[in-house]
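**Student:** When you get a sec, could you give me coordinates for this:
(2 chains)
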Protein chains: 2
Amino acid sequence: MTMPAQAVEIVEVGPRDGFQSVGPFIPTPTKIAIVESLYASGVRRMETTSFVSTSALPQLADAPDIVAASARLEGLDSQVLVPTARHAQRALEAGARHLSAVLSVSERHNMGNVRRTPMESAADYAQMVAAMPADCTMRLNIATAFDCPHVGRTEQDAVLALLEPLVAATADVEIALCDTTGRADPAQVRALFGAVRTCFPQVRGWAFHGHDTYGLGAANVLAAWDAGVRVFDAAAAGLGGCPFAPGATGNVATEDLVWMFDHMGVETGIDMDRLIDAALKVAALPGAQIGGRVRDAIGARRCLAIAS
Amino acid sequence: MTMPAQAVEIVEVGPRDGFQSVGPFIPTPTKIAIVESLYASGVRRMETTSFVSTSALPQLADAPDIVAASARLEGLDSQVLVPTARHAQRALEAGARHLSAVLSVSERHNMGNVRRTPMESAADYAQMVAAMPADCTMRLNIATAFDCPHVGRTEQDAVLALLEPLVAATADVEIALCDTTGRADPAQVRALFGAVRTCFPQVRGWAFHGHDTYGLGAANVLAAWDAGVRVFDAAAAGLGGCPFAPGATGNVATEDLVWMFDHMGVETGIDMDRLIDAALKVAALPGAQIGGRVRDAIGARRCLAIAS
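**Tutor:** Predicted structure coming up:
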């Protein structure tokens, strides 16, 4: 008797969450080559870009080109981040079929992002859901679900209160709880996912979006896994950070998560060798702030294998 | 009603496992200053040095001086690593009162370290235990308990078989299972600690010694914590690595573990600010290969606080 296979879905968010943190403009063909390289490693779900104000985020001004290029990769679920209903409309017009909405539990953080209170963003989200074409799917990202860069730790009740109207707008979504600052801890991650799954059993699925800023990227993913979460965001080479905060780092590195799940006997569908190739392309981007451990560790073993 | 306090004991092993990986000789007063700085942060248990062949490991040739300096720090439990009964005798003569024996599950790894089979080392260990003065304590480290650099993953049965004669020699020890390569995964860590605690309930205590080479340092500690382990080895600044393997890294960083447990509401007795001061001293050592995330993340916040 063989053990029942366990599987996990890793959502590669480097082309959105990672690229947006890189200062020098990454030429569109380079972006597409990285998306293709990640796809070649077996990644079948990717946050490929974002429709946002191009003056605020010129790095992602080529979003329509990325949407078009991603659509050519067969079987790739390409999701695009949209902070408001207006940007969602632009994304749909460009051909996007999987939108990724985002709003923040923290009022100050949400005001900083879109100059709206979280409840105003919730109303905007309801509008976005109502206007969704039938052939489109939605993911909802709850930023600062664990901690806010401005006001510190997020109360669990605040997350539950914000989720009420959002789930009322539609439960037919995947909801990602995002550790925006990387300051969540495993006990908090387990507790929050336990609470939301109990309070909102009607939601289609839950995902965890974590950062590795304080070294707990993999530990928090493990905690979410223990709490039943099976969808995880990650960025190849741990790309991310913030030009204004030298110690800030990106999402947990995709290769670190694949390494962990591979060794736990959990299927990811991603080939490590090819993923390392993609991650090395990411790491070579001018201005990239990178993280993760497995890329270097495996790179060292490759060098030793060549030498001996 | 307040929650019952949970506590964990962190064993700082940087002055042994970290220093031994540094190429240039660290002057003895610098070593002592780092031990004192770690002590000032609240560390009360430390692997301060090792008695080994000084020709094989000249970095630790000043072990007697370190033992003497550590003995002056009130309340510090200073343990010293000894690979054989002969070196244990030297350590006792220098005044050490807490020995840390080590042997490897992997025959090839053990042969490489001490030119003995694991069972020959087990017999040597029994001799060491029999010769222990009454006022001394022992910790037993099982290297390659999860994975061997030469032969890959370690079978659980091999660990249990080696533990049989060791526990028969004395159960009045703490036994650390060591992830020598950093290639253990959380599922394996939980399973092995579950097995040894079931098979050997008479053992005084269990500890986990993990490396962060593949980014799973904190996740594996979390897994061991879940399995009931309450003693963890760590090295300030994640000092470690190997001059011959560019991607190899050291023990999980003490500051990352303290960060995790602090946020989980688990008492460590260590002050983070002072620990960062000590970790920065470690990171500044010429030739140091360092790791960990929290030091940089907190350093960046310190800079921002000064700037704003």
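**Student:** From now on I want contacts and neighbour counts done on CA atoms only, so please keep to that.
**Tutor:** OK.
**Student:** Could you list the low-pLDDT ranges of chain A?
**Tutor:** Scanning chain A for pLDDT under 70 picks out A:1-4, A:242-248, A:300-308.
**Student:** Would you map the helices across the stretch 51-200 of chain A?
**Tutor:** Secondary structure of the stretch 51-200 of chain A (DSSP state H, counting those that start in this stretch): helices at A:63-71, A:85-93, A:107-114, A:118-130, A:156-169, A:186-199.
**Student:** could I get those helices as TSV with mean neighbour count?
**Tutor:** Output for the helices of the stretch 51-200 of chain A, formatted as TSV (neighbours: other Cα atoms under 10 Å in any protein chain shown):
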stretch	mean neighbour count
helix A:63-71	19
helix A:85-93	18
helix A:107-114	17
helix A:118-130	19
helix A:156-169	16
helix A:186-199	18
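**Student:** and of those, who's closest to chain B?
**Tutor:** Among the helices of the stretch 51-200 of chain A, the nearest to chain B by Cα to the nearest Cα is helix A:186-199 (5.6 Å).
**Student:** Give me the residues contacting that closest one.
**Tutor:** Helix A:186-199 is contacted from outside by A:146, A:156, A:160, A:216, A:219-220, A:222-224, A:226-227, A:229, B:222, B:260, B:264, using Cα atoms under 8 Å, 6 or more residues apart in numbering or on different chains.
**Student:** so how far is that helix from its chain's centroid?
**Tutor:** In terms of Cα atoms, centre = their mean, to the nearest Å, the centre of helix A:186-199 is found 19 Å from the chain centre.
**Student:** quick revisit: mind putting the helices of the stretch 51-200 of chain A in CSV, distance to A:Ala253 included?
**Tutor:** What follows is those, written out as CSV (distance: least, Cα to Cα, whole Å):
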stretch, distance to A:Ala253
helix A:63-71, 21
helix A:85-93, 27
helix A:107-114, 24
helix A:118-130, 29
helix A:156-169, 26
helix A:186-199, 17
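**Student:** Need the buried ones from the contacts of helix A:186-199 selected in PyMOL.
**Tutor:** One line in PyMOL is enough to select the buried members of the contacts of helix A:186-199, burial here meaning 16 or more other Cα atoms under 10 Å in any protein chain shown:
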select buried, (chain A and resi 146+156+160+216+219+220+222+223+224+227+229) or (chain B and resi 222+260)
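**Student:** Filter the contacts of helix A:186-199 down to the ones in helices?
**Tutor:** If you go by DSSP state H, the contacts of helix A:186-199 have A:Gln156, A:Leu160, A:Ala219, A:Asn220, A:Leu222, A:Ala223, A:Ala224, A:Asp226, B:Leu222, B:Met260 in helices.
**Student:** Looking at those, which two lie furthest apart in space?
**Tutor:** The most widely separated members of the ones in helices among the contacts of helix A:186-199 are A:Leu160 and B:Leu222, with 26.3 Å between them, by Cα to Cα.
**Student:** And A:Gln202, how close does it get to chain B?
**Tutor:** According to Cα to the nearest Cα, to the nearest Å, A:Gln202 stands 29 Å off from chain B.
**Student:** Now that residue: closest residue in space that isn't a chain neighbour?
**Tutor:** Spatial nearest neighbour of A:Gln202, chain neighbours left out: A:Ala171 (6.0 Å); criterion: Cα to Cα, 6 or more residues apart in numbering or on different chains.
**Student:** And for A:Pro64?
**Tutor:** Nearest non-adjacent residue to A:Pro64 (Cα to Cα, 6+ apart): A:Ala94, at 5.5 Å.
**Student:** Contacts only, for the nearest residue to A:Val294 once chain neighbours are set aside.
**Tutor:** Nearest residue to A:Val294, sequence neighbours excluded (Cα to Cα, 6+ apart): B:Tyr214, at 4.7 Å. Counting by Cα under 8 Å, 6+ apart, B:Tyr214 touches A:Asp256, A:Trp259, A:Arg293, A:Val294, A:Ala297, B:Gly182, B:Arg183.
**Student:** could you dump those to CSV with neighbour count and distance to A:Ala191?
**Tutor:** Output for these, formatted as CSV (neighbours: other Cα atoms under 10 Å in any protein chain shown; distance: Cα to Cα, whole Å):
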residue, neighbour count, distance to A:Ala191
A:Asp256, 26, 24
A:Trp259, 23, 25
A:Arg293, 22, 27
A:Val294, 27, 28
A:Ala297, 20, 33
B:Gly182, 28, 28
B:Arg183, 26, 28
